[in-house]
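In: sharing a model that was predicted from the sequence below.
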Amino acid sequence: MSTTTPPRERPRQAAGQAVPAQHQPTAKSRHSQRWLAWIFLAPTILGMGLFTLIPIVASVVLAFFRWDIISAPTFVGFDNFSEVVQDPTVRVSFLNTIVFVVVAVAFQLGLALALAIMVQEKMPAWLRVFFRSAFFFPLILSAASVSIFMRYLFNEQFGVVNWFLSLAGIPAVPWLTTPGGSAAVVILVYVWQNFGFSFLLFIGGLASIPVETYEAASIDGATGWRKHLHVTLPLLSPTTLVASVMAIISALQVFDQPYVLTRGGPGDSTRTAVMVIFESAFQRLEFGQASAIGVLLTLIIMAITAAQFRLSKRFVFYQ
Amino acid sequence: MTGATNGHLREITRRTALGALGAGIIGATVASWPRLSGTDIPGRGDNSLSIAIMGTAADAAARQRAIDAFTRLHPEIKVKVQAIQAVDWKDFFTKILTMVAAGTPPDVVYVATEGAQLFAEKLAHPLDEYVRRDAADMREFFEDVHPSLVEAFMYKGSLYQLPMDWNAANMYYNTTAFAQAGLDRPADDWTHLDFRNSLAAMRKARPSDFTPYYWTNRLFGGVVPWLYANDTSFLKETRSSGGEWLWDGFYANDPSRSLRSGGYQWLEPNANDDRVFESFDYLRGLVKDGLGVRPEEGGGSSLVGLFASNRIGTTPAGGYWVQGLHEAGMGENDFDVQFFPRWKTQRHQFGTAGYAIMKTAKDKDAAWEWIKFSSSREAMELIFPNPITTPARRSMVNEKLYAGKGPANWKVFYDTLDRFPTTGPIPAPPQQAAVETALMKNVSLAVSGDERQLKQALASMQRDLELALRRQS
């Protein structure tokens, strides 16, 4: 056994107490610790570099080239950006994406919050566990599989949804073949699959609100929804910020549901920004234009996220 | 620090743990290197002829008998079939292009009409030199295959593929639904108005839970057969010159020789043509009157089940449907097939498929040997033992193929080409994906609203097609 005390057995340093000179790390040990840190960081850095940083840089560079995979790329300056901005399909797809984000995120957060409050307040503990799992379950399913399944459910002629509506005397709704119907189905399917994550965040947030705060509010005469309006919502605001940032970033990148359910149609009514990136790159072989659209989408995501954090200073209440 | 043992386990130091971890990582990397580098993929790096087909591993396995037969003939050529799963041909081509981008293109690809010109323009190697060289061997093949199918694979005077199988958009009908509506088998030259009357009769007989005409929003079997029947299309169709070497060499005595060219060309949009409007308006009427569905984009995956459960009266499809209906439980007399209805013409739409040699193929001679073998009757009988498609060889479309499965009038399939020699391929220029998107995205809107909406949708289609054709041109 060695004569020196192993580091984990050293007595804890009291706060403010001077470190004895013999315990100061030497230059050699600092050097080796630095190497050790790099060794531990290396897999992450390597992975991030290979699979995130290089593709980001490559796609920014590619945005200035015309490239169809097969021929050599040619430099075209800002042509891709100007073509993309003038392309009516791209413009519509960005507009659709923004509308989708506003509606889907509002619906997702509202539903998640309402259900979280209901589950947290009204359910016995064992049922809470069940609902937490049940609401989270759709998130682990493949979005493509869910969308294929939903496509059958919402079929105008033979779908189960219209069959149930017919029992109530409601005529068949052309869910996937009209602009309004298809947009509604895409939002519905997306929210159904994704609200579970926001729900879990809200459950965590609600659990962290001290019971005393509610008791104090009750003493002050607050009941029912007023309690939630004046206590729950302000105290949940940090959670709401995180949930909304994540929901917006995710919604801005929506692809699977509209691609499988409607292929972006009818017309361009459910075509989204990421769908246009996919179509430009892998169907039209215009990788430069696809990269240009990707760069624009990234800038929009960054701007929205920055705006959210900036606004959060006004609306988020930290205890 | 190193712990004394004294019969106890040695303490593991951080240094030891890190060393073990490092050794483990290096060991795992070395052990899994073939997987990481992809060299363990059968056929890679061993000069095998890599052949990509659309389908599942089961589809690849179904070709094993053909591969075995080929290997007996050419033991020096190793063959590896890669089955690539895809929703449709557009999806399949996307995956092939991804393989090209990744630097691992297959040597030979099974390409349908939808991608024939994309491959001819950018990826495939022409077969002219091989066909000329082996003309004596190939004569029997061309004698057995209708020239319309071969012409679909001509591009700017060169031949890029040999048709293996094909399908025309004929009209399937449910015989039970027809009988319930008091309808007989339609005449060979029934018109679009006769067709509409048949749908109305079926609707009257079965007012609910039934669709007289089910159609899909796709390039094949969607709106295009109606456009062809009305002697128009959403793209202007022209032909390129050339190809005499093939036609004079193999089809000199064919009655349709004068119709043949160096290949189809679709260079301009034609969605603003009056007949295109007329055709869409006809379909809009079917939807409005509850005779036909409002088509979903790319729909059709549930079609066989719905047809087999007697909930669909008619739908356009080709010979590829027979096996599916049989497996879904339909008897040979439960359904039948007829030519597509006549309008201005009775020109049909067809799609065909065959192998293309990639420009990047390592051994093009070996690739040609595979194609030549696959075009033989022996190979085609091994590959198409059931009516999962219509074989390109006329002699194989026979009673034996459809025995016990139907339809009673299976001769309609190949007769389509003989009776209507102007029958043409799916309009698919090299920009097929963009063109298909431009068509599909506007079809639902065109047939779902009023006349104003139809005009707007066609104007939008014209703009989208102009953009699609301008790109990459």
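Out: Great, that's in hand.
In: who's in contact with the residue nearest to B:T390 when sequence neighbours are not counted?
Out: Distance criterion CB to CB, 6 or more residues apart in numbering or on different chains; nearest residue to B:T390, sequence neighbours excluded, is B:G319 at 3.5 Å. No exception for glycine: its C-beta is placed from N, CA and C like everyone else's. By CB atoms under 8 Å, 6 or more residues apart in numbering or on different chains, the residues touching B:G319 are B:N167, B:P387, B:T389, B:T390, B:V397, B:W410, B:F413.
In: okay but the second one is in contact with B:G404, surely?
Out: In this case it means B:P387. No - counting by CB atoms under 8 Å, B:P387 stays clear of B:G404, with 10.6 Å between them.
In: which one's more surrounded, these two?
Out: Taking other CB atoms under 10 Å in any protein chain shown, B:P387 and B:G404 do not tie; B:P387 has more neighbours (24 against 7).
In: show me what from the stretch 201-319 of chain A comes close to chain B.
Out: A:262-268, A:271, A:279, A:282-286 (CB under 8 Å from any CB of the partner chain).
In: please, which helix or strand holds B:L458?
Out: For B:L458, the host element (DSSP states H and E) is helix B:451-470.
In: what sits up against that helix?
Out: Taking CB under 8 Å, 6+ apart as the rule, helix B:451-470 contacts A:87-89, A:267, A:284, B:234-235, B:266-269, B:271-272, B:276-277, B:280-281, B:284, B:429, B:431, B:434-435, B:437-439, B:441-443, B:445-447.
In: residues touching residue 74, list them.
Out: Assuming you mean chain A. A:F65, A:R66, A:W67 are the contacts of A:T74 under CB under 8 Å, 6+ apart.
In: other chain: chain B
Out: B:A366, B:E369, B:F373.
In: which strands and helices sit next to the helix or strand hosting B:A17?
Out: Using DSSP H and E, B:A17 sits in helix B:14-31. Contact partners of helix B:14-31 among helices and strands, from 3 or more CB pairs under 8 Å, 6 or more residues apart in numbering or on different chains; DSSP states H and E: none.
In: for it, output the C-alpha coordinates as PDB.
Out: Taking C-alpha atoms only, helix B:14-31 is exported to PDB below (Å, rounded to 0.1, in the frame of the first residue of the first chain):
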ATOM      1  CA  ARG B  14      -7.500   5.200 -12.400                       C
ATOM      2  CA  ARG B  15      -4.500   4.700 -14.600                       C
ATOM      3  CA  THR B  16      -5.300   0.900 -14.900                       C
ATOM      4  CA  ALA B  17      -8.900   1.700 -15.600                       C
ATOM      5  CA  LEU B  18      -8.000   4.200 -18.300                       C
ATOM      6  CA  GLY B  19      -5.500   1.800 -19.800                       C
ATOM      7  CA  ALA B  20      -8.100  -1.000 -19.900                       C
ATOM      8  CA  LEU B  21     -10.600   1.400 -21.400                       C
ATOM      9  CA  GLY B  22      -8.200   2.500 -24.100                       C
ATOM     10  CA  ALA B  23      -7.200  -1.100 -24.900                       C
ATOM     11  CA  GLY B  24     -10.900  -1.900 -25.000                       C
ATOM     12  CA  ILE B  25     -11.600   0.900 -27.400                       C
ATOM     13  CA  ILE B  26      -8.700  -0.100 -29.700                       C
ATOM     14  CA  GLY B  27      -9.600  -3.700 -29.500                       C
ATOM     15  CA  ALA B  28     -13.300  -3.000 -30.300                       C
ATOM     16  CA  THR B  29     -12.300  -0.700 -33.200                       C
ATOM     17  CA  VAL B  30      -9.900  -3.400 -34.700                       C
ATOM     18  CA  ALA B  31     -12.500  -6.100 -34.300                       C
END
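In: so what touches that helix?
Out: A:L36, A:I39, B:L36.
In: same question for stretch B:238-254.
Out: Contact partners of stretch B:238-254, identified using CB under 8 Å, 6+ apart, comprise B:128, B:131-132, B:135, B:138-139, B:142-143, B:147, B:150-151, B:154-159, B:257, B:260-267.
In: wait, A:G181 touches A:A172, no?
Out: No - using CB under 8 Å, A:G181 is not in contact with A:A172, being 10.7 Å away.
In: just the helices in the stretch 201-319 of chain A please.
Out: Taking DSSP state H, counting those that start in this stretch to define them, one finds helices in the stretch 201-319 of chain A at A:211-219, A:224-227, A:233-252, A:256-261, A:273-278, A:287-315.
In: out of those helices, deepest packed?
Out: helix A:256-261 (a mean of 24; mean count of other CB atoms under 10 Å in any protein chain shown).
In: so which residue is smack in the middle of chain B?
Out: Residue closest to the mean C-alpha point of chain B, counted by CA atoms, centre = their mean, is B:A112 at 4.4 Å.
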